[in-house]
Structures are given as C-alpha cells and as structure tokens.
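S.K.: below are the sequence and a predicted model; questions follow.
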Amino acid sequence: MSSGATAQSTRTVAGASTPGVRLRLLEPGESAVVLAVFASMSPRSRELRFLSARPRLSDRDLRMLTAVDHRDHVAVVASVPPEHLPIGIGRFVRDQHEPETAEVALAVVDAWQRKGVGTLLMRTLCGRAAEVGVRRLRVVISPDNDVVRHMLTRTPAPVPLVHSDGWTMEYTLALEDVPRPGAHRALSTMRQHQ
Ligand SMILES: CC(C)(COP(=O)(O)OP(=O)(O)OC[C@H]1O[C@@H](n2cnc3c(N)ncnc32)[C@H](O)[C@@H]1OP(=O)(O)O)[C@@H](O)C(=O)NCCC(=O)NCCS
C-alpha cells in the first residue's frame, strides 16, 4: 500500500495474505460495504461503535463514513470468500488540529467477532497510520467496552487513559510503541478459530 494513493477498487493492504480474510481499502463513496457491515451488527455492537443507539445510518452518516482519501481518512475492509462478504471495517480519521493524531474506530460483524478480525484491522491501521505520518491513535470508547479495553492492555507499552467523563473513555496509543510488523500478541496475525 503506497501513501498518497488514488481510488482503485482492488487495492489490497498489508496483512491481506492472512488465510481466509482479505483486506482492502474502502474506496470513496462505497456505501454498500458500510451498509452491509452495519446490517450485520447487533444493536449492542452498533451502540458500542457509535457511542449511541444507532438503528440506522443516515445519509449524512454514510457520506462521512465513505469520505475516505487513503491518507487523512483511511478505512480498511475485511472480507471473506467466496463473494468477498464484508465482515468488518476499521478506520482512522486524522485530527485537523493535531495532524499527528487520528481517531480510530473498529466494527466487526457479530458473527465474526472474537476470531481475530478486530486485531488484524487494528494492526493494519497502525501500519498505515505510521506510513502517513500519524504518530498517535486516539481510541474513544464507552466505559463498558470491555473488549477494546482488553485489546488495549495487549499493547507493548501501557496505553494511557487521557480523558473520562462518565460517558466515554479516551485512550491514546503511541505508534512508536507498536512494533511493525506487529510482533506483539495484540497486533499479531489473525487466529483461525473455525
Ligand atoms: C471491538 C471489536 C472490533 C473487536 O473485534 P474482534 O474481531 O471481536 O476482536 P478479536 O477477535 O481480535 O479479539 C481481540 C481481543 O479481545 C478478546 N475478545 C473479543 N471479543 C470478546 C468478548 N466478547 N469477550 C471477551 N473477550 C473478547 C479476544 O479474546 C482478544 O483477546 P486476546 O488477544 O487476549 O485473545 C468487535 O468486538 C466489535 O466490532 N465490537 C462492536 C463495536 C466496537 O466496540 N467498536 C470499537 C469502538 S472503537
């Protein structure tokens, strides 16, 4: 994956050789993929992802979620054969005021959770972020998001909690602390549980 990339629907990203799961960049305006992942997430997963109940995605949501440029807003799609069914999307969006910081978000469809897809997406996002000059990933979660909090304990260096207001918890992951390619377990290759 090169930086400054242009739209190209077949582009793949590092980690794409992981057995059974294909990774590629979401291209601008690819609403169908975003909708497919959203449709296969439970209300609880949607709430954890969007930090509020989200029964449907509005047109505005869709515009924002597909306004990728492969540099300031990068989204990686995980899919599986035989028809490249999308099973997850991880993304980061660069902070306009702090360009070395980006906010990361992960969404894995319920049927594919706990199989390593979230870890794979996170590892891939860390690599891409470093390539485009992002040095810190901000992770904002609900206080009851035990899965992500667990994931953040698996990093080589502690990931500090930088803000908590009762509704959200904000952590900052320093990418210089993350070895590439990810040797650490939290950023390790996908496990096959099938
Ligand atoms: C958070 C999320 C992306 C994780 O994706 P995933 O594919 O399930 O994660 P992984 O399989 O890579 O698991 C990561 C770690 O969490 C653990 N884990 C995953 N799901 C778990 C669960 N339900 N209960 C306990 N532990 C769990 C795994 O065992 C693994 O830990 P390990 O490395 O010590 O073995 C996914 O659960 C999701 O989409 N949740 C809803 C949306 C959300 O919370 N997004 C994050 C907002 S930034």
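M.R.: Perfect, thanks for sending it. Residues are numbered from 1 along each chain as shown.

S.K.: my read: residue 84 touches residue 22, true?
M.R.: Yes: applying Cβ atoms under 8 Å as the test, residue 84 and residue 22 come out as touching, 6.5 Å apart. For glycine as for every other residue, the C-beta is placed from the backbone atoms N, C-alpha and C.

S.K.: looking at these two, which one has more neighbours?
M.R.: Counted by other Cβ atoms under 10 Å, residue 84 and residue 22 do not tie: residue 22 has more neighbours, with 18 against 12.

S.K.: grab the nearest non-local neighbour of that one.
M.R.: Closest residue to residue 22 in three dimensions, ignoring its sequence neighbours and counting by Cβ to Cβ, 6 or more residues apart in numbering: residue 79, at 5.1 Å.

S.K.: mind listing what the one you found touches?
M.R.: Residue 79 is in contact with 21, 22, 23, 24, 85, 86, 87, counting by Cβ atoms under 8 Å, 6 or more residues apart in numbering.

S.K.: redo that, cut-off 7 Å
M.R.: Residue 79 makes contact with 22, 85, 86, 87, according to Cβ atoms under 7 Å, 6 or more residues apart in numbering.

S.K.: for residue 109, same thing?
M.R.: Shown here is residue 109, whose contacts under the criterion Cβ under 7 Å, 6+ apart are 37, 40, 41, 87, 88.

S.K.: quick one: name whatever helix or strand follows the helix or strand in which residue 23 is found.
M.R.: Counting by DSSP states H and E, the element that carries residue 23 is strand 22-25. Past strand 22-25, heading to the C-terminal end, the next element that is a helix or strand (DSSP H and E) is helix 31-39.

S.K.: state the mean pLDDT of that following helix.
M.R.: On average, the pLDDT along helix 31-39 is 98.

S.K.: ditto for stretch 59-68
M.R.: Mean pLDDT, taken over the full extent of stretch 59-68, equals 98.

S.K.: any buried residues in it, and which?
M.R.: Across stretch 59-68, burial judged by 16 or more other Cβ atoms under 10 Å covers 62, 65, 66, 68.

S.K.: right, is it up against the ligand?
M.R.: No: in this structure, stretch 59-68 remains apart from the ligand according to Cβ under 6 Å from any ligand atom; the gap is never smaller than 13.6 Å.

S.K.: could you do stretch 91-98 as well?
M.R.: No: using Cβ under 6 Å from any ligand atom, stretch 91-98 never reaches the ligand; the gap is at least 9.5 Å.

S.K.: in stretch 115-131, which residues are buried?
M.R.: For stretch 115-131, the neighbour count (16+ other Cβ under 10 Å) marks 115-129, 131 as buried.

S.K.: hang on, I meant stretch 69-77
M.R.: Neighbour-count burial for stretch 69-77, with 16+ other Cβ under 10 Å as criterion, is recorded at 70, 72, 73, 74, 75, 76, 77.

S.K.: need those in a markdown table (columns: secondary structure and distance to residue 54).
M.R.: Output for the buried residues of stretch 69-77, formatted as a markdown table (DSSP: H, G, I helix; E, B strand; the rest coil; distance: Cβ to Cβ, whole Å):
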| residue | secondary structure | distance to residue 54 |
| --- | --- | --- |
| 70 | coil | 26 |
| 72 | coil | 24 |
| 73 | strand | 19 |
| 74 | strand | 22 |
| 75 | strand | 17 |
| 76 | strand | 21 |
| 77 | strand | 19 |
